[in-house]
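> the sequence isn't on hand, but the structure is:
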Ligand SMILES: [Zn+2]
């Protein structure tokens, strides 16, 4: 079925080059936007949005409709832009954030070096860099290290990343057993810069990346769902399952940074929370995907599970406040978590009440209806969580265990 009804005229594409092939084809094949009452039952979702529906378009036209105006256009783009925002944040986190953390660590380096046994450091570095000759003094070690690192940098077989990884697995382990017999009075900044990353174990970033991955999956799945669901009952069914799974992934991965960075110094508590939320997340995704759970009698259970999953985040946050009540970072991160809760809560309220379109049906068909507001609030909530994650990283880097 190409189109139904046809009461409202298409409002057309707002993209496309001048006289391009795509544009000519777009003009030839006119798939009309239809009104709510003309929709097949599986596409009837919000009776306050009256017009500009796509119904059972071919896949190609459905995909191309990302560039045309209908009542799902802004639903697609709000989460697609959110996806690209989180992709940028992931790239930023991967490339810039460790450097910020390292710079912070450097402030403590003179203290670390003051306590260190330099004779031991020298021998350990030499042991790590087997190619270096036995060195008579520290000044020469410094010079040798600098030239050695530069020359290693230029060797194509050993990337700088690999080199840093090599040192960081070798040196901190050995330094862990170094005694504090001799005291160094003056430390050169050059040396600090060279060996700082080797002395200070970086804070693991995987919980932060798990959250960023969950957020990107949720936003992309939602965007695809809004774009493609109108194609057929079958695709609508698949895309909705994917959308549910995305929400479950976002909720469960959102727990990882606060739980991990709050309790990383207490592995038992940390693992209990992480294990719990992982099991709950996997169960939620299974619930979202298995057809048996899609029957109407399971709907309250599904809704209850989402709600329970979200609200269970209160437990580790309260736990964090009790354990770290005297640390300002604990309050600061909780502030972000409360703001995130308010944004998500507001989003859920708008979603459930279908405000504002219920007040003026038909006035918000293209722009301003509840689902678009809900999408914007979800992106804002996830962004707040990202900011909280950065704060956790800085806190852990500063405090350590
Ligand atoms: Zn949506």
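In hand now; what should we look at? A quick note: this is a predicted structure, and the numbers were derived from the prediction, not measured. Numbers count the residues shown, from 1 in each chain.

> any buried residues in the helix or strand containing residue 60, and which?
Assigned by DSSP states H and E, residue 60 belongs to helix 59-64. Of all the residues in helix 59-64, those buried under the rule 16 or more other CB atoms under 10 Å are 61-62, 64. To be clear about C-beta, it is placed using only N, CA and C from the backbone, and glycine gets the same treatment.

> which other helices and strands contact that helix?
For helix 59-64, the elements it packs on are helix 206-228, judged by 3 or more CB pairs under 8 Å, 6 or more residues apart in numbering; DSSP states H and E.

> let me see the mean pLDDT of the helix it packs on.
Mean pLDDT, helix 206-228: 96.

> helices or strands up against that helix?
By 3+ CB pairs under 8 Å, 6+ apart, helix 206-228 packs against helix 59-64, helix 73-95, helix 233-263, helix 370-399.

> residue 284 is nearest to which of these?
Closest to residue 284 of those is helix 233-263 (CB to CB; 3.6 Å).

> next SSE downstream of the closest one?
Going down the chain from helix 233-263, the next helix or strand is helix 267-289, by DSSP H and E.

> between that following helix and helix 206-228, how many degrees?
Here helix 267-289 runs at an angle of 10 degrees relative to helix 206-228 (axes from the mean of the first three to the mean of the last three CA atoms, to 10 degrees).

> could I get the average pLDDT for helix 267-289?
Averaging pLDDT along helix 267-289 gives 89.

> stretch 233-245 too?
What stretch 233-245 shows for mean pLDDT is 91.

> list of residues touching it?
Outside stretch 233-245, the residues that touch it by CB atoms under 8 Å, 6 or more residues apart in numbering are 40, 42-43, 221-222, 224-225, 228-230, 285, 288-289, 294, 302.

> which of these sit farthest apart?
It's 40 and 285 that sit farthest apart of the contacts of stretch 233-245, by CB to CB, at 28.0 Å.

> for these two, work out which one has more neighbours and name it.
Comparing residue 40 with residue 285 by other CB atoms under 10 Å, the one with more neighbours is residue 285, at 18 against 14.

> ok, that one - contacts?
Counting by CB under 8 Å, 6+ apart, residue 285 makes contact with 245, 248-249.

> and which of the residues you listed is nearest residue 35?
Looking across the contacts of residue 285 and measuring by CB to CB, the closest to residue 35 is residue 245, at 31.4 Å.

> kindly provide the distance from that closest one to residue 237.
The gap separating residue 245 from residue 237 is 13 Å, by CB to CB, to the nearest Å.

> comparing these two, which residue is more hemmed in?
Between residue 245 and residue 237, residue 245 has the larger neighbour count (other CB under 10 Å), namely 20 against 14.

> the more buried one and residue 290: what is the separation?
According to CB to CB, residue 245 and residue 290 sit 11 Å apart.

> can you check residue 212 too?
27 Å.

> ditto for residue 365
34 Å.

> any weak-confidence spans in the stretch 1-150 of the chain?
Residue ranges of the stretch 1-150 of the chain with pLDDT under 70: 1-30, 98-150.

> neighbours of residue 362, how many?
By the measure other CB under 10 Å, the count of residues near residue 362 is 13.

> residue 55: which element?
Per DSSP H and E, there is no helix or strand for residue 55.

> you'd agree it is up against residue 35?
No. The criterion here is CB atoms under 8 Å, and residue 55 misses it with residue 35 at 9.8 Å.

> picking up where we left off before, ok, of the contacts of stretch 233-245, which come out buried?
Among those, those classed as buried by 16+ other CB under 10 Å are 43, 221-222, 224-225, 228-230, 285, 288, 294.

> out of the helices and strands packed on helix 206-228, nearest to residue 272?
Judging these by CB to CB, what sits closest to residue 272 is helix 233-263, at 8.9 Å.

> and the closest one with helix 370-399, angle?
Going by the same axes, to 10 degrees, helix 233-263 makes 30 degrees with helix 370-399.

> can you get me a residue count around residue 392?
Neighbours around residue 392, by other CB under 10 Å: 26.

> next, the contact list for the closest residue to it other than its chain neighbours, please.
Nearest residue to residue 392 in three dimensions, chain neighbours excluded: residue 261, at 3.7 Å (CB to CB, 6 or more residues apart in numbering). Listed by CB under 8 Å, 6+ apart, the contact set of residue 261 reads 203, 207, 389, 392-393, 395-396.

> can you put those residues in CSV and add distance to residue 86?
Shown next, in CSV, are the contacts of residue 261 (distance: CB to CB, whole Å):
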residue, distance to residue 86
203, 21
207, 15
389, 12
392, 17
393, 17
395, 22
396, 22
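
> what's the farthest-apart pair in those?
The span of the contacts of residue 261, defined through CB to CB, is set by 207 and 395 at 13.4 Å.

> of these two, who's got more company?
Counted by other CB under 10 Å, residue 207 and residue 395 do not tie: residue 207 has more neighbours, with 23 against 19.

> state the phi and psi torsions of residue 400.
Per-residue torsions, residue 400: phi 60, psi -160 (degrees, to the nearest 10).

> now do residue 34
Main-chain dihedrals, residue 34, degrees, to the nearest 10: phi -120, psi 170.

> quick check: it vs residue 211, distance?
Distance, residue 34 to residue 211, using CB to CB: 40 Å.

> just want to know which of the two has more residues nearby.
It is residue 211, of residue 34 and residue 211, that has more neighbours when counted by other CB under 10 Å, with 27 against 23.

> who's the closest spatial neighbour of the more buried one, skipping the chain neighbours?
residue 253 (4.7 Å).

> how many neighbours does that neighbour have?
25.

> distance of the residue lying closest to residue 367 once chain neighbours are set aside relative to residue 66?
Leaving aside its chain neighbours, residue 367 sits nearest to residue 74 (5.9 Å; criterion: CB to CB, 6+ apart). Separation of residue 74 from residue 66 (CB to CB) stands at 11 Å.

> so what's residue 231 up against?
56-59, 62.

> residue 318: which of those is nearest?
Of the contacts of residue 231, the one sitting nearest to residue 318 (CB to CB) turns out to be residue 62, at 45.8 Å.

> dump the helices and strands packed on helix 206-228 to TSV, plus distance to residue 278.
Below are those laid out as TSV (distance: least, CB to CB, whole Å):
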stretch	distance to residue 278
helix 59-64	35
helix 73-95	21
helix 233-263	7
helix 370-399	18
